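Colleague: generate a structure from the sequence data that follows.
(one chain, ligands or ions: 2)
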Amino acid sequence: MAQLSDDCFAFGGALTPLDDALALLEERVSVVADAETAALRGALGRILAEDVRAGRPVPPHDNSAVDGYAVRFAELDPQAETCLPIIGRIAAGDPPVLADPDARGAVRIFTGAVMPAGFDTVMMQEDCREEAGAVHIAPGIGMGANRRFAGEDVEAGAVILGAGRRLQPQDLGLAASVGLSALPVRARLRAALFSTGNELREPGAAAGPGAVYDANRFALAGLLDRLGCAVSDLGILPDDRAAIAAALAEAGAGHDLVLTSGGVSVGDEDHVRAAVESLGQIHFWRLAIKPGRPVALGQIGRTPFVGLPGNPVAVMVTFLRFARPLIDRLSGAAVHVPRTWPVRAGFDHRKKANRREWVRATLEPCAGGWTARKFARQGAGILSSMTAASGLVELPEDATDIRAGMTVDFLPFSELGA
Ligand code: AMP
Ligand code: MG
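Modeller: Numbers count the residues shown, from 1 in each chain. Ligands and ions are numbered 1, 2, ... in the order given. Now for the predicted structure:
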């Protein structure tokens, strides 16, 4: 498998700026997921493996956009009412056949019906009067009105969906409109997921003194599901280097990515980095960000490894801003660069220079736009802040003193996939 190249990322123990980490992913990580075919109904959220072209135009023929009367514009009197005999009737799905195609007259036609040859304009039925086999048409319509052209939606041969796209409902509709019943997609990325920590318990199990329930695995599994990964939920690992190494070695062999949370920092009970180093290497393990400084990128054999922090907010933020671009690359997806929206800061905030920082916030309408209200408790362990907030204010490395009223960048969770 071609994942991370073997040479060291050479960042030692220094704090790696997020943009440098993302640039290294761009340089070193390539797609591992094979191509396969998915039926249209099962293709939602899957990643297109190649460009898809239209085998025929949409619409496939010139047709009427309204219920009414097809006419030849040249037969209309531009100054006065025109009366034309009705010489045929064509509904959607009918062949556009007329008894006498050369006769002067109008054709009763319905929305989606094929335009008969030589007819170029359609009068809406609401604008006409039909009487004794003829239709009376007021002057004023433009040439070509209410006529839809073959190929005006999609031209035959055009690329309708590009490789790397995560398929959305409208994409499936578009593929269906050109007659495709299946699409070439990437196989789901096989992601192994662990939590680490002696204190962790499975939700539903008894939790004695000192125990906390494992929150991270459930949030992470949801994020991975949304990215279309095939998630192996491999449970909770103890704070024991040998046990972690054994479990990671096995997971590395059968997966495209191994993801853990907790145990990557500098505490005596943080054994994940040493375990990974014994099986491969760590490329870097500290990012210049808050929350979430301890984030490790490494490899187990040739399989990429990401060690996320333990604190649940840090886990989610680092997943969204660092693990997701890695997953996009490995999966063959076009890397999603989250768009930010300028909003007004509704808070004062001081931060250290040289690190990217995210503040959980909700938006409130204000004159001319939106104000971001900072969630009161910003600790990296305050998971309820992720539920209460609607997104993150992203503060750049060089910002230090944010004052209410300044313009800041807001990243809605919907944009991040959270
Ligand atoms: P660590 O990085 O392992 O020292 O963990 C940092 C903090 O995150 C500690 O308070 C842990 O108890 C907590 N933590 C780690 N993993 C989880 C988890 N899966 N669910 C909830 N809290 C966790
Ligand atoms: Mg721990």
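
Colleague: tell me which parts of the protein are close to ligand 1?
Modeller: Counting by CB under 6 Å from any ligand atom, the chain comes close to ligand 1 at 195, 197, 199-200, 212, 214-217, 261-263, 265, 267, 309-312, 381. Quick note: C-beta positions are derived from backbone N, CA and C, even for glycine.

Colleague: mind checking the SS state of residue 274?
Modeller: In three-state terms, and counting by DSSP: H, G, I helix; E, B strand; the rest coil, residue 274 is helix.

Colleague: pLDDT on stretch 327-344, on average?
Modeller: Averaging pLDDT along stretch 327-344 yields 97.

Colleague: what of stretch 17-36?
Modeller: 96.

Colleague: what sits closest to the residue in the stretch 201-350 of the chain positioned nearest to ligand 2 if chain neighbours are left out?
Modeller: Closest residue of the stretch 201-350 of the chain to ligand 2, CB to the ion: residue 262 (4.0 Å). Nearest in space to residue 262, with sequence neighbours left out and distances taken as CB to CB, 6 or more residues apart in numbering, is residue 310 at 3.4 Å.

Colleague: wait, isn't that neighbour in contact with residue 267?
Modeller: No: Residue 310 lies out of contact with residue 267 (CB atoms under 8 Å); the separation is 9.6 Å.

Colleague: so for those two, which sits in the more crowded spot?
Modeller: Neighbour totals were compared for residue 310 and residue 267, and residue 310 leads with 25 against 11 (other CB atoms under 10 Å).

Colleague: quick one: the residue positioned nearest the centre of the chain and ligand 1, what's the gap?
Modeller: Centre of the chain computed as the mean C-alpha position; nearest residue by CA atoms, centre = their mean is residue 166, 5.9 Å away. Using CB to the nearest ligand atom, to the nearest Å, residue 166 is found at 27 Å from ligand 1.

Colleague: how much space between that residue and ligand 2?
Modeller: Using CB to the ion, to the nearest Å, residue 166 is found at 33 Å from ligand 2.

Colleague: contacting residues for that residue?
Modeller: Each residue near residue 166 by CB atoms under 8 Å, 6 or more residues apart in numbering is listed here: 45, 46, 47, 228, 333.

Colleague: what bridges to it?
Modeller: Note on residue 166: beta-bridge partners by DSSP bridges are residue 47.

Colleague: pLDDT score for it?
Modeller: With respect to pLDDT, residue 166 scores 97.

Colleague: most proximal residue of this protein with respect to ligand 1?
Modeller: residue 310 (2.2 Å; CB to the nearest ligand atom).

Colleague: residue 65 versus the closest residue to residue 152 other than its chain neighbours, what's the distance?
Modeller: Spatial nearest neighbour of residue 152, chain neighbours left out: residue 59 (7.0 Å); criterion: CB to CB, 6+ apart. According to CB to CB, to the nearest Å, residue 59 and residue 65 sit 10 Å apart.

Colleague: give me the more crowded residue out of the two.
Modeller: residue 59 (17 against 13).

Colleague: contact partners for the more buried one?
Modeller: By CB under 8 Å, 6+ apart, the contact set of residue 59 is 148, 149, 150, 151, 152, 153.

Colleague: does the third one touch residue 62 like I think?
Modeller: Right, residue 150. Yes: the pair residue 150 and residue 62 qualifies as a contact (CB under 8 Å) at a distance of 5.3 Å.
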